[in-house]
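Asker: sequence first, then the predicted structure:
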Amino acid sequence: MSALIDTTRGELLRMRKWPAVWVTLGAWIALALMFGYLFGYLSYKTGDANFAEEGRTQAAILNDLLPAAIPDVLVQGTPMFGGALMMVLGAIVAGNGYGWGTWKTLFTQGPSRTTTVTGSLVALTGFVIATVLATLVVYAGVSSLIAISESRDLVWPAASDLARSVGGGTLVLEMWALAGFALGTVARGPALSVGLGLVWALVIENLLRGVGELLGPVKALTEVLPGTAAGSLVNALLNGATDTPGVVDVLSGPRALVTVAVYAVLFPAAAVLLVRKRDVT
Amino acid sequence: MNSSTTTDLVVQTRGLTKDYGDRRAVDAVSMTVRRGEVYGFLGPNGAGKTTTLRMMLGLIRPTAGSVSVLGRPAGSAAVTERVGTLIEGPGFFPYLSGRDNLRVMARYRGLPDSVADEALERVDLADRGNDRFKGYSLGMKQRLGVASALMGDPDLIVLDEPTNGLDPAGMQDMRALVVSLARGGQTVLLSSHLLAEVQEICDRVGVIDGGRLLRESTVAELRGDTSLRVRAVQIDRAVSVAMRLAGDDGVRLQDDTVLLDLPPASAPDVTRALVADGIDVLEVSAVERTLEEVFFEMTTSGLSSQEVA
């Protein structure tokens, strides 16, 4: 256990001081604010119906920008760009060390490979959780500002809704971060793993779901894929109809939750097994 | 001074072999490193030095054979925490400073951050410790790697080509550092293709070529018998006298010098014979072979015997 604390502390230090980590997480916050609040606020202010807000009343648009809607906004961005960014984060955390020779150095420090990789996964998970919490704080600030400037009462969401949203959003982001870590480990580098992972998450799964409409076996396949599960989980958290990209209505909430959780176990397990077996040069 | 009991063996490999596809990188290497010595692992580039060291550190798995380090199987946690390594170039995070890189390693070893500062001092990097690793020169990177290997005063320090990229002054510092480590009781295993350096600081050496350990012995043993050098005015006649004494195969002519495979004690006999023949003798002296000469003899014959096989 103490060895795991040692490796986690080491990994936290090297991730905390890594500009690429902050660029990735900063991109998430910026995109989340843009799609969660900025565009909605602009369309509310200008009165133009933009593509996403088509056919909705100004009042409904404003409701989405107020503190009470935080649970929905928090999870909306996770299946699409949130997951993609976390996959990049996981892939660089795992993949870069092979080219730099740092895994080689770390594997000769004392802790076993399992402990070393687990420490890295724990630190990565810490960053994912911290990111969700930081996002929550930013959202609370922005939505409060909007409420105040629009002279609305500050009505906060129910704690249970917020907890469900934070939990679900974290799980989806974590699954993608772990997927990135596993890919980075398989590819022993960030470039190929990030490229393949993004094409998979952003393109292939969508295409397969399209084909699945026509072909039964493909449909059955898409139901067990990570993107479908993450999109369905977010859909369940949103309680119904949404046109947010990446959010799909394929699996029931519980089944989506189980599928995402299974992936969140399988990806790191695969990474650990692979690292234990391989020759590190 | 070292008895070869198991407890005195810091590293012991038995029939260590590694295949990469059809290519045999390391072929049945059985070597031993004793406690407290500086062991030089010698061989040309591509001889299998680094591959052997990697197996010793548990980074790669042997195809056959075994390694025990500090009495346990290589690569187990109980072993690696007592071994400091710099292998195949320093592998550090380019975006971190030298000091932060060492702090990461210190944390992995469960050591306080302050050991990073001490280690930087030891390799003379303290004033550049806050610069990013990616801005370091090759020599500075190498010294940081050595600093990392020293942290926590490990029982065994494995340094793979530690003087790579160092300038002459840096090389001298590195040699002094290695010698001081050994004086402090730590065992040092260093690989090198620089023979002069090994000759100067190592107690024992293992010579590897084409994946095979050709010889393992003390530096003195390896350099072996000394020979006699004769210079004379009538060089042709000196050669024929030398052949009478040392046999046809025991004489070599090198520029204007005759080399005889005879012990230094036979210098008076040789001198007498030359003078008796009316030769004007300029010099009769004992020559020690350098490690380099021994090494080239050994590795070239090693290659030819492999080609036969």
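Answerer: Perfect, I can see it now.

Asker: can you tell if the helix or strand harbouring A:Ile148 touches chain B?
Answerer: Assigned by DSSP states H and E, A:Ile148 falls within helix A:113-149. Yes: residues of helix A:113-149 are located near chain B by Cβ under 8 Å from any Cβ of the partner chain, namely A:Thr115, A:Thr116. Heads up, the C-betas are built off the backbone N, CA and C, glycines and all.

Asker: for chain B, what are the nearby residues on chain A?
Answerer: Checking chain A against chain B by Cβ under 8 Å from any Cβ, the hits are A:2-3, A:6-7, A:9-11, A:13-14, A:17-20, A:100-112, A:115-116, A:279-281.

Asker: just the buried residues from the residues you listed, in PyMOL please.
Answerer: The following PyMOL line selects those of those that are buried, judged by 16 or more other Cβ atoms under 10 Å in any protein chain shown:
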select buried, chain A and resi 3+6+7+9+10+11+13+14+17+18+100+101+102+103+104+105+106+107+108+109+110+111+112+115+116+280
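
Asker: where does chain B dip in pLDDT?
Answerer: B:1-7, B:225, B:301-309 (pLDDT under 70).

Asker: now the residue in it that chain A sits nearest to: how far from B:Ser192?
Answerer: Nearest residue of chain B to chain A, counting by Cβ to the nearest Cβ: B:Gly91, 2.4 Å away. Counting by Cβ to Cβ, to the nearest Å, the separation of B:Gly91 from B:Ser192 is 19 Å.

Asker: and stretch A:269-281, what's buried?
Answerer: Within stretch A:269-281, judged by 16+ other Cβ under 10 Å, the buried ones are A:Ala270, A:Ala271, A:Val272, A:Val275, A:Arg278, A:Val280.

Asker: ah, wrong one, I meant stretch B:78-96
Answerer: Here stretch B:78-96 shows B:79-96 as buried, counting by 16+ other Cβ under 10 Å.

Asker: residues touching whichever strand or helix holds A:Ile5, excluding its own?
Answerer: A:Ile5 is located in helix A:2-16, with elements delineated by DSSP H and E. Counting by Cβ atoms under 8 Å, 6 or more residues apart in numbering or on different chains, helix A:2-16 makes contact with A:21, A:93, A:106, A:110-112, A:115-116, A:118-120, A:122-124, A:126-127, B:77, B:93, B:96, B:100, B:103-105, B:107-110, all of which sit outside it.

Asker: from the chain's centre, how far out does that helix sit?
Answerer: 22 Å (Cα atoms, centre = their mean, to the nearest Å).

Asker: mean confidence for the helix or strand just after that helix?
Answerer: Later in the chain than helix A:2-16, the nearest helix or strand by DSSP H and E is helix A:19-33. Mean pLDDT, helix A:19-33: 93.

Asker: list the residues that contact the single nearest residue of chain A relative to chain B.
Answerer: The minimum distance from chain A to chain B, using Cβ to the nearest Cβ, falls at A:Gly101 (2.4 Å). Counting by Cβ under 8 Å, 6+ apart, A:Gly101 touches B:Glu88, B:Gly89, B:Pro90, B:Gly91, B:Phe92.

Asker: what residues does the stretch 1-150 of chain B have near chain A?
Answerer: Contacts of the stretch 1-150 of chain B with chain A, taken as Cβ under 8 Å from any Cβ, map to B:54, B:57-61, B:77, B:80-81, B:83, B:85, B:87-96, B:100, B:103-105, B:107-110, B:148.

Asker: hmm, 6 Å instead?
Answerer: Within the stretch 1-150 of chain B, the residues that sit near chain A (Cβ under 6 Å from any Cβ of the partner chain) are B:57, B:59-60, B:77, B:80-81, B:85, B:91, B:93, B:95-96, B:100, B:104-105, B:107-110.

Asker: let me see the ranges of the helices in the stretch 101-250 of chain A.
Answerer: Shown for the stretch 101-250 of chain A, the helices assigned by DSSP state H, counting those that start in this stretch span residues A:102-107, A:113-149, A:159-187, A:190-199, A:205-212, A:216-222, A:226-237.
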